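Peer 1: sequence first, then the predicted structure:
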Amino acid sequence: MKRILSALLMALILIASQSLFAQAQDQKNASVLIDGLSLNLEVLPIIQNDRILVPFRAIAEDMNIDVSWDNQTRAVNATDGNTTVRLQIDNRTAYRNNTPMTLDVAPQIIDGRTLIPLRFFSETFNCQVYWNDTIHQVSIITPRQAMTVIGFYALGDSKTSSWTNLFGHTYPTATAGNTDVISELALGWYSIDKQGNLLDRSRTGWQRPDGWETVLNSAKQYKLSSEMVIHVTDGDGTISLLLNDPIAITRTVKAVSEEAKHYSGVNLDFEGLGFNDSGEQLKQVQQRFTSFVKLLDQELKTNSTGLTLTLHAPNSAYPGYDYQALGQIADRIIIMAYDYGSKPEPVNLVKQAVEMACKSVPANKLILGISAPSETAESIATKVGIAKRYNLGGVALWRLGVINDGMWQKLRDSLIANRQQ
């Protein structure tokens, strides 16, 4: 009899341990995505009474919600600037903007972290939340966020027309189209030669179209501001020769400032600096470019013309850009966080680029560049999510003409385009 009881006890212990192991495995595999971005959590979401509880501080802070803990009352307070909440541990009554609400499950502390009902979180902060029971994954879609959205406008064929993609009709007819998603146009119409001459027709295909005034007038009709983009590559040494020639620099600054009177700003897109450079040579490349930018900015400011820099990402193969110094001069910087070699662009490298840039430049002066040809509708929403997570000033889309309907819809779902007053 003792042997039977002993065997039965061992069997029960084995069954219990297997059950606990299975639960542990489930929690280990649980995950949280915010706007498609994974979130590393010390405490995983749990299911209690058919309700999902999530770690509040980690998720809230990732959404730029301020969180504080009142140890005396064992309560957590949080605000996003518009909504304020207060939740007390083991108390099913919560307060949203001082209005009491009854929770499905009371907040609780697990391993030193406060967990709250996911439903309350989503309803309070206007998030869309999805639970994938198969893979134990919480997916949170944050509310639309107001930000600057820059659309690069360049010449294309009938299938990749920036005009048609933006205004919803073939040139010269302009309708609202997708203008609601865009704040500003970055017009890719200019280049510069090594002598400092401003070109409206370049060897790389950047050119100002006939009837360019129609583009400006239609943009103005839909309250879109515009920048003239000056695109140059250093593959043949054009930029390096220019930056070493004071006369060419003076010619460039004068020509650009004069042409800029047609636009609200200038966007300088000088690509390829610093490739294979290091040490003192790299430092000189950075200093020459910074000095040129400073001279141009000083001239533009006399007419209250803004300056945007479109730069290779800090983790690219082109380190010839001193982000800290340039960030003190330019009004904003577009980070070209793409061309990493895979499609969609790898999230870890895009995040790394943003984090590196944020160490040198205030986040609100940074714009995340997104290359539409490298992305899908889902991945473009994730890239916007990165701009949200790091509180960047906005996103820049390369380019109008290749953004498909699915991408436009994801952009509408994710953001609200700021407009200059």
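Peer 2: Yes, it's here.

Peer 1: can you pull the poorly scored residue ranges out of the protein?
Peer 2: Along the chain, segments meeting pLDDT under 70 span 1-30, 421.

Peer 1: how far away is residue 94 from residue 266?
Peer 2: Distance, residue 94 to residue 266, using Cβ to Cβ, to the nearest Å: 51 Å. Every C-beta, even on glycine, is put in place using the N, C-alpha and C of the backbone.

Peer 1: more neighbours, those two?
Peer 2: Per other Cβ atoms under 10 Å, whichever of residue 94 and residue 266 has more neighbours is residue 266, with 25 against 22.

Peer 1: how near is the more buried one to residue 314?
Peer 2: From residue 266 to residue 314 the distance is 22 Å (Cβ to Cβ).

Peer 1: also residue 417?
Peer 2: 26 Å.

Peer 1: over to residue 174?
Peer 2: Taking Cβ to Cβ, one finds residue 174 at 38 Å from residue 314.

Peer 1: what of residue 328?
Peer 2: Using Cβ to Cβ, we find residue 328 at a distance of 16 Å from residue 314.

Peer 1: do residue 370 as well
Peer 2: To residue 314, residue 370 is 17 Å away according to Cβ to Cβ.

Peer 1: just residue 411 next, same as before
Peer 2: Taking Cβ to Cβ, one finds residue 411 at 25 Å from residue 314.

Peer 1: of the two, who's got more company?
Peer 2: residue 411 (24 against 21).

Peer 1: how about residue 384, secondary structure?
Peer 2: helix (DSSP: H, G, I helix; E, B strand; the rest coil).

Peer 1: return the residues in contact with the closest residue to it other than its chain neighbours.
Peer 2: In this structure, residue 384 finds its nearest non-sequential neighbour in residue 414, 4.4 Å apart by Cβ to Cβ, 6 or more residues apart in numbering. Residues near residue 414 by Cβ atoms under 8 Å, 6 or more residues apart in numbering: 35, 144-145, 381, 384-385, 388.

Peer 1: from these, which is closest to residue 63?
Peer 2: Ranked by distance to residue 63 (Cβ to Cβ), the contacts of residue 414 are led by residue 388 at 7.9 Å.

Peer 1: helix or strand for that closest one, which one?
Peer 2: If you go by DSSP states H and E, residue 388 is part of helix 377-389.

Peer 1: where do the helices of the stretch 301-421 of the chain begin and end?
Peer 2: 323-327, 347-358, 377-389, 405-414 (DSSP state H, counting those that start in this stretch).

Peer 1: spell out the residue ranges of the helices in the stretch 1-150 of the chain.
Peer 2: With DSSP H, counting those that start in this stretch as the criterion, the stretch 1-150 of the chain has helices at 2-29, 56-62, 118-124.

Peer 1: where's residue 325 relative to residue 293, distance?
Peer 2: Applying Cβ to Cβ, the value for residue 325 to residue 293 is 9 Å.

Peer 1: my error: substitute residue 324 in the last question.
Peer 2: As for residue 324, its distance to residue 293 is 13 Å (criterion: Cβ to Cβ).

Peer 1: try residue 213
Peer 2: Counting by Cβ to Cβ, the separation of residue 213 from residue 293 is 28 Å.

Peer 1: between the two, which has more neighbouring residues?
Peer 2: Each of residue 213 and residue 293 has its neighbours counted (other Cβ under 10 Å); residue 293 has more, 20 against 9.

Peer 1: what's the nearest residue to that one if we skip its chain neighbours?
Peer 2: residue 329 (5.5 Å).

Peer 1: ok, the one you found - contacts?
Peer 2: Under the criterion of Cβ under 8 Å, 6+ apart, the contact list for residue 329 reads 290, 293-294, 297, 307.

Peer 1: neighbour-wise, which one of these leads?
Peer 2: Going by other Cβ under 10 Å, residue 307 tops the contacts of residue 329 with 24 neighbours.

Peer 1: right, and it touches residue 269 too?
Peer 2: No - between residue 307 and residue 269 there is no contact, the gap being 11.9 Å when judged by Cβ atoms under 8 Å.

Peer 1: pull out the buried positions in stretch 182-199.
Peer 2: 182-194, 196, 198-199 (16 or more other Cβ atoms under 10 Å).

Peer 1: oh, that last question was meant for stretch 160-177, not what I typed.
Peer 2: Applying 16+ other Cβ under 10 Å to stretch 160-177 flags 161-167, 171, 174, 177 as buried.

Peer 1: tell me the domain ranges of this protein?
Peer 2: Per automatic domain parsing, the structural domains of the chain span 28-141, 145-417.

Peer 1: which non-adjacent residue is nearest residue 39?
Peer 2: Nearest residue to residue 39 in three dimensions, chain neighbours excluded: residue 32, at 4.5 Å (Cβ to Cβ, 6+ apart).

Peer 1: partner residues bridging that neighbour?
Peer 2: residue 39, residue 138 (DSSP bridges).

Peer 1: hmm, back to that, tell me the most buried of the helices of the stretch 301-421 of the chain?
Peer 2: Ranked by mean neighbour count, the helices of the stretch 301-421 of the chain are led by helix 377-389 with a mean of 22 (mean count of other Cβ atoms under 10 Å).

Peer 1: which other helices and strands does that one contact?
Peer 2: Judged by 3 or more Cβ pairs under 8 Å, 6 or more residues apart in numbering; DSSP states H and E, the packing partners of helix 377-389 are strand 37-39, strand 145-153, helix 347-358, strand 366-371, strand 394-398, helix 405-414.

Peer 1: distance to residue 280 added to the ones you listed, as JSON lines?
Peer 2: JSON lines is the format used below for those (distance: least, Cβ to Cβ, whole Å):
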{"stretch": "strand 37-39", "distance to residue 280": "39"}
{"stretch": "strand 145-153", "distance to residue 280": "35"}
{"stretch": "helix 347-358", "distance to residue 280": "22"}
{"stretch": "strand 366-371", "distance to residue 280": "28"}
{"stretch": "strand 394-398", "distance to residue 280": "33"}
{"stretch": "helix 405-414", "distance to residue 280": "44"}
